[in-house]
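>>> Here's a sequence, model it:
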Amino acid sequence: MKQILKKTLYIGIILSNIYSYTTDSIITIFIQKYPYLTKSEIKKLKKQGKSSSLSNYSRALKQPDYLYRDVVSSYKHTYELPAIMCMYAGNIALSSPDGQISFPLLQQTHDMHILITEKIIPAYIVAPGTVNNWMIDPKHPHEMYFMKLEFDKKTNLYYYQTSKIDPAQNNNIPLNTIIFIADPQTMYIPIGATITQASPNIVLPTIYIKKDFCFIKNTLFTLATNQYFKSTNPSIKQDDQTIAFIQQPNG
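The predicted structure follows:
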(Lines give C-alpha, C1' and ligand atoms only; values in the text may rest on other atoms or scores of the structure.)
Protein backbone atom coordinates (compact mmCIF):
# COMPACT_ATOMS: atom_id res chain seq x y z
CA MET A 1 0.00 0.00 0.00
CA LYS A 2 2.84 2.39 0.88
CA GLN A 3 4.55 1.61 -2.42
CA ILE A 4 1.36 2.42 -4.34
CA LEU A 5 0.95 5.73 -2.51
CA LYS A 6 4.60 6.58 -3.05
CA LYS A 7 4.39 5.88 -6.80
CA THR A 8 1.18 7.88 -7.05
CA LEU A 9 2.88 10.79 -5.28
CA TYR A 10 5.86 10.61 -7.63
CA ILE A 11 3.59 10.63 -10.70
CA GLY A 12 1.68 13.62 -9.34
CA ILE A 13 4.90 15.53 -8.68
CA ILE A 14 6.19 14.84 -12.20
CA LEU A 15 2.90 15.91 -13.81
CA SER A 16 2.73 19.06 -11.72
CA ASN A 17 6.19 20.02 -12.92
CA ILE A 18 5.30 19.34 -16.55
CA TYR A 19 2.26 21.61 -16.39
CA SER A 20 4.13 24.28 -14.46
CA TYR A 21 6.35 25.00 -17.49
CA THR A 22 5.60 28.44 -18.90
CA THR A 23 6.72 29.96 -22.18
CA ASP A 24 7.81 33.56 -22.51
CA SER A 25 5.29 36.04 -23.87
CA ILE A 26 5.19 36.35 -27.65
CA ILE A 27 3.97 38.53 -30.49
CA THR A 28 2.08 36.59 -33.13
CA ILE A 29 0.50 37.55 -36.41
CA PHE A 30 -1.16 35.56 -39.20
CA ILE A 31 -0.54 36.01 -42.91
CA GLN A 32 -3.30 34.87 -45.24
CA LYS A 33 -4.00 35.03 -48.95
CA TYR A 34 -5.96 38.07 -50.08
CA PRO A 35 -9.61 36.97 -50.40
CA TYR A 36 -10.41 37.87 -53.99
CA LEU A 37 -14.11 37.95 -54.76
CA THR A 38 -15.55 36.04 -57.70
CA LYS A 39 -17.48 37.81 -60.48
CA SER A 40 -20.78 36.44 -59.15
CA GLU A 41 -19.97 37.70 -55.65
CA ILE A 42 -19.11 41.16 -57.03
CA LYS A 43 -22.42 41.27 -58.91
CA LYS A 44 -24.24 40.23 -55.74
CA LEU A 45 -22.57 43.01 -53.74
CA LYS A 46 -23.41 45.58 -56.42
CA LYS A 47 -27.06 44.53 -56.33
CA GLN A 48 -26.99 45.05 -52.57
CA GLY A 49 -25.54 48.52 -53.12
CA LYS A 50 -22.11 47.60 -51.73
CA SER A 51 -18.70 48.18 -53.27
CA SER A 52 -16.53 45.22 -54.20
CA SER A 53 -13.53 46.87 -52.56
CA LEU A 54 -12.28 44.91 -49.58
CA SER A 55 -11.28 48.13 -47.80
CA ASN A 56 -14.95 48.96 -47.23
CA TYR A 57 -15.20 46.02 -44.84
CA SER A 58 -12.87 47.75 -42.38
CA ARG A 59 -14.90 49.96 -40.10
CA ALA A 60 -15.21 51.16 -36.53
CA LEU A 61 -16.05 48.71 -33.78
CA LYS A 62 -19.81 48.85 -33.26
CA GLN A 63 -20.90 45.40 -32.13
CA PRO A 64 -19.35 42.36 -30.40
CA ASP A 65 -19.71 40.03 -33.40
CA TYR A 66 -17.83 42.30 -35.80
CA LEU A 67 -15.61 39.87 -37.79
CA TYR A 68 -15.61 41.03 -41.42
CA ARG A 69 -18.48 38.60 -41.90
CA ASP A 70 -19.03 39.13 -45.62
CA VAL A 71 -15.37 38.70 -46.45
CA VAL A 72 -14.85 35.65 -44.26
CA SER A 73 -17.86 33.91 -45.78
CA SER A 74 -16.38 34.31 -49.27
CA TYR A 75 -12.87 33.20 -48.37
CA LYS A 76 -11.80 29.55 -48.48
CA HIS A 77 -8.87 28.90 -46.17
CA THR A 78 -5.96 26.87 -47.57
CA TYR A 79 -2.67 25.65 -46.14
CA GLU A 80 -0.67 26.27 -49.34
CA LEU A 81 0.72 29.63 -48.28
CA PRO A 82 4.45 29.99 -49.11
CA ALA A 83 6.75 30.99 -46.27
CA ILE A 84 7.20 34.71 -45.62
CA MET A 85 10.06 36.28 -43.67
CA CYS A 86 9.93 39.42 -41.54
CA MET A 87 11.94 41.21 -38.87
CA TYR A 88 11.31 42.63 -35.40
CA ALA A 89 13.65 43.93 -32.67
CA GLY A 90 16.75 42.17 -33.94
CA ASN A 91 14.95 38.91 -34.75
CA ILE A 92 14.02 37.23 -38.03
CA ALA A 93 11.04 34.88 -38.24
CA LEU A 94 9.64 32.63 -40.94
CA SER A 95 5.91 32.00 -41.26
CA SER A 96 4.58 28.50 -40.55
CA PRO A 97 2.58 26.51 -43.16
CA ASP A 98 -0.66 28.06 -41.86
CA GLY A 99 0.78 31.59 -42.07
CA GLN A 100 1.61 32.21 -38.40
CA ILE A 101 4.62 34.35 -37.48
CA SER A 102 5.81 34.62 -33.86
CA PHE A 103 8.45 36.68 -32.09
CA PRO A 104 9.52 36.93 -28.44
CA LEU A 105 7.85 39.94 -26.84
CA LEU A 106 10.53 42.62 -26.41
CA GLN A 107 8.47 45.72 -25.59
CA GLN A 108 6.39 47.12 -22.75
CA THR A 109 3.24 48.15 -24.64
CA HIS A 110 0.86 46.18 -26.88
CA ASP A 111 0.88 48.85 -29.60
CA MET A 112 2.68 47.90 -32.81
CA HIS A 113 3.94 49.44 -36.05
CA ILE A 114 3.86 47.49 -39.32
CA LEU A 115 6.25 48.58 -42.06
CA ILE A 116 6.07 47.31 -45.62
CA THR A 117 9.00 48.44 -47.73
CA GLU A 118 11.25 47.17 -50.48
CA LYS A 119 14.41 48.20 -48.68
CA ILE A 120 15.72 49.30 -45.29
CA ILE A 121 19.15 50.82 -44.65
CA PRO A 122 21.31 50.58 -41.51
CA ALA A 123 22.49 53.51 -39.40
CA TYR A 124 25.86 52.35 -38.08
CA ILE A 125 27.61 53.02 -34.82
CA VAL A 126 30.75 51.38 -36.19
CA ALA A 127 30.49 50.43 -39.86
CA PRO A 128 29.99 47.79 -41.04
CA GLY A 129 29.69 45.69 -37.90
CA THR A 130 27.52 47.54 -35.37
CA VAL A 131 24.08 48.86 -36.28
CA ASN A 132 22.48 51.56 -34.13
CA ASN A 133 19.06 51.42 -35.82
CA TRP A 134 17.37 50.76 -39.15
CA MET A 135 15.97 53.41 -41.44
CA ILE A 136 13.48 53.55 -44.29
CA ASP A 137 15.05 54.08 -47.70
CA PRO A 138 12.95 56.98 -49.08
CA LYS A 139 13.94 56.01 -52.64
CA HIS A 140 11.79 52.89 -52.46
CA PRO A 141 8.01 52.52 -51.98
CA HIS A 142 6.99 52.09 -48.36
CA GLU A 143 3.90 52.16 -46.16
CA MET A 144 3.61 52.22 -42.38
CA TYR A 145 0.66 51.28 -40.20
CA PHE A 146 -0.01 51.69 -36.49
CA MET A 147 -2.02 49.13 -34.51
CA LYS A 148 -3.17 50.58 -31.19
CA LEU A 149 -4.78 48.41 -28.52
CA GLU A 150 -8.07 49.94 -27.36
CA PHE A 151 -10.86 48.98 -24.95
CA ASP A 152 -14.56 49.46 -25.71
CA LYS A 153 -16.46 50.16 -22.47
CA LYS A 154 -19.88 49.43 -23.98
CA THR A 155 -18.99 45.92 -25.14
CA ASN A 156 -16.13 45.22 -22.67
CA LEU A 157 -14.01 44.13 -25.61
CA TYR A 158 -10.39 44.80 -26.49
CA TYR A 159 -9.63 45.59 -30.10
CA TYR A 160 -6.81 46.83 -32.30
CA GLN A 161 -7.49 50.10 -34.09
CA THR A 162 -5.38 50.06 -37.24
CA SER A 163 -4.51 53.23 -39.14
CA LYS A 164 -2.12 54.16 -41.91
CA ILE A 165 0.46 56.71 -40.77
CA ASP A 166 3.34 58.71 -42.19
CA PRO A 167 6.84 57.53 -41.25
CA ALA A 168 9.00 59.74 -39.05
CA GLN A 169 10.63 62.66 -40.83
CA ASN A 170 14.09 61.29 -40.07
CA ASN A 171 13.04 57.92 -41.57
CA ASN A 172 14.02 56.07 -38.38
CA ILE A 173 12.08 52.84 -37.82
CA PRO A 174 10.57 52.55 -34.30
CA LEU A 175 11.72 49.59 -32.22
CA ASN A 176 8.16 48.24 -31.94
CA THR A 177 7.94 47.60 -35.68
CA ILE A 178 7.41 44.40 -37.65
CA ILE A 179 9.13 44.87 -41.01
CA PHE A 180 8.08 43.12 -44.22
CA ILE A 181 10.38 43.42 -47.23
CA ALA A 182 7.88 43.70 -50.08
CA ASP A 183 6.16 46.06 -52.48
CA PRO A 184 3.43 47.74 -50.37
CA GLN A 185 0.96 47.24 -53.22
CA THR A 186 1.26 43.46 -52.84
CA MET A 187 0.09 43.38 -49.21
CA TYR A 188 -3.18 44.45 -47.63
CA ILE A 189 -3.68 45.54 -44.01
CA PRO A 190 -7.34 46.17 -43.04
CA ILE A 191 -7.89 49.64 -41.65
CA GLY A 192 -10.22 49.94 -38.67
CA ALA A 193 -11.05 47.77 -35.66
CA THR A 194 -10.24 44.10 -35.11
CA ILE A 195 -11.33 42.34 -31.91
CA THR A 196 -8.63 40.71 -29.79
CA GLN A 197 -8.35 39.25 -26.28
CA ALA A 198 -6.60 40.61 -23.22
CA SER A 199 -3.47 38.50 -22.80
CA PRO A 200 0.22 38.75 -21.85
CA ASN A 201 0.82 37.83 -25.50
CA ILE A 202 0.22 40.17 -28.43
CA VAL A 203 -2.09 38.77 -31.12
CA LEU A 204 -2.16 41.24 -34.01
CA PRO A 205 -4.78 41.52 -36.77
CA THR A 206 -4.37 39.34 -39.84
CA ILE A 207 -2.40 40.65 -42.82
CA TYR A 208 -3.18 39.60 -46.40
CA ILE A 209 -0.82 39.05 -49.33
CA LYS A 210 -1.85 39.41 -52.96
CA LYS A 211 -1.13 37.28 -56.01
CA ASP A 212 1.82 39.35 -57.18
CA PHE A 213 3.70 39.21 -53.83
CA CYS A 214 7.38 38.53 -54.63
CA PHE A 215 8.60 35.78 -52.29
CA ILE A 216 12.09 35.81 -53.83
CA LYS A 217 12.64 39.49 -53.03
CA ASN A 218 11.22 39.00 -49.54
CA THR A 219 13.53 36.07 -48.82
CA LEU A 220 16.77 37.24 -50.45
CA PHE A 221 16.80 40.75 -48.97
CA THR A 222 15.87 39.47 -45.51
CA LEU A 223 18.65 36.88 -45.64
CA ALA A 224 21.09 39.57 -46.83
CA THR A 225 20.63 41.30 -43.46
CA ASN A 226 20.86 38.03 -41.54
CA GLN A 227 24.18 38.95 -39.88
CA TYR A 228 22.40 41.73 -37.96
CA PHE A 229 19.50 39.58 -36.81
CA LYS A 230 18.94 36.28 -35.05
CA SER A 231 16.35 33.60 -35.68
CA THR A 232 13.56 33.13 -33.17
CA ASN A 233 13.56 29.92 -31.15
CA PRO A 234 10.82 28.72 -28.76
CA SER A 235 11.99 28.49 -25.15
CA ILE A 236 10.59 26.76 -22.07
CA LYS A 237 10.99 28.12 -18.58
CA GLN A 238 11.09 25.39 -15.92
CA ASP A 239 9.98 25.94 -12.34
CA ASP A 240 12.76 25.62 -9.72
CA GLN A 241 10.89 22.92 -7.83
CA THR A 242 11.87 19.55 -9.32
CA ILE A 243 11.84 16.03 -7.93
CA ALA A 244 15.52 16.44 -6.94
CA PHE A 245 14.56 19.09 -4.37
CA ILE A 246 11.82 17.07 -2.71
CA GLN A 247 12.80 15.31 0.51
CA GLN A 248 11.87 11.64 0.28
CA PRO A 249 10.06 10.03 3.24
CA ASN A 250 11.96 7.34 5.21
CA GLY A 251 10.99 3.74 4.64
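
>>> As a check, name the ranges of all strands in the stretch 151-251 of the chain.
Secondary structure of the stretch 151-251 of the chain (DSSP state E, counting those that start in this stretch): strands located at 157-165, 177-181, 187-188, 192-196, 202-203, 207-209, 230-231.

>>> list the helices and strands the fourth one packs on?
It stands for strand 192-196. Here strand 192-196 touches strand 157-165, going by 3 or more Cβ pairs under 8 Å, 6 or more residues apart in numbering; DSSP states H and E. (C-beta placed from N, C-alpha, C; glycine too.)

>>> which outside residues touch the strand it packs on?
Identification of contacts with strand 157-165 by Cβ atoms under 8 Å, 6 or more residues apart in numbering yields 58, 61, 64, 113, 143-152, 189-198, 204-205.

>>> cool, and stretch 109-117?
Stretch 109-117 is contacted from outside by 27, 136-137, 140-149, 165, 167, 173-174, 176-184, 187, 189, 202, 204, 207, using Cβ under 8 Å, 6+ apart.

>>> pLDDT on it, on average?
For stretch 109-117, mean pLDDT rounds to 96.

>>> which intervals of the stretch 1-150 of the chain have sub-threshold pLDDT?
1-23, 37-39, 41-42, 45-46, 48-80, 125-131 (pLDDT under 70).

>>> now do 90
Within the stretch 1-150 of the chain, the stretches with pLDDT under 90 are 1-25, 34-83, 89-91, 97-98, 121-134.

>>> need the strands for it, in chain order.
26-33, 85-88, 91-94, 100-104, 112-117, 120-126, 130-136, 142-152.

>>> any chance of those strands in a markdown table, plus mean neighbour count?
Below are those laid out as a markdown table (neighbours: other Cβ atoms under 10 Å):
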| stretch | mean neighbour count |
| --- | --- |
| strand 26-33 | 19 |
| strand 85-88 | 24 |
| strand 91-94 | 18 |
| strand 100-104 | 18 |
| strand 112-117 | 22 |
| strand 120-126 | 13 |
| strand 130-136 | 15 |
| strand 142-152 | 17 |
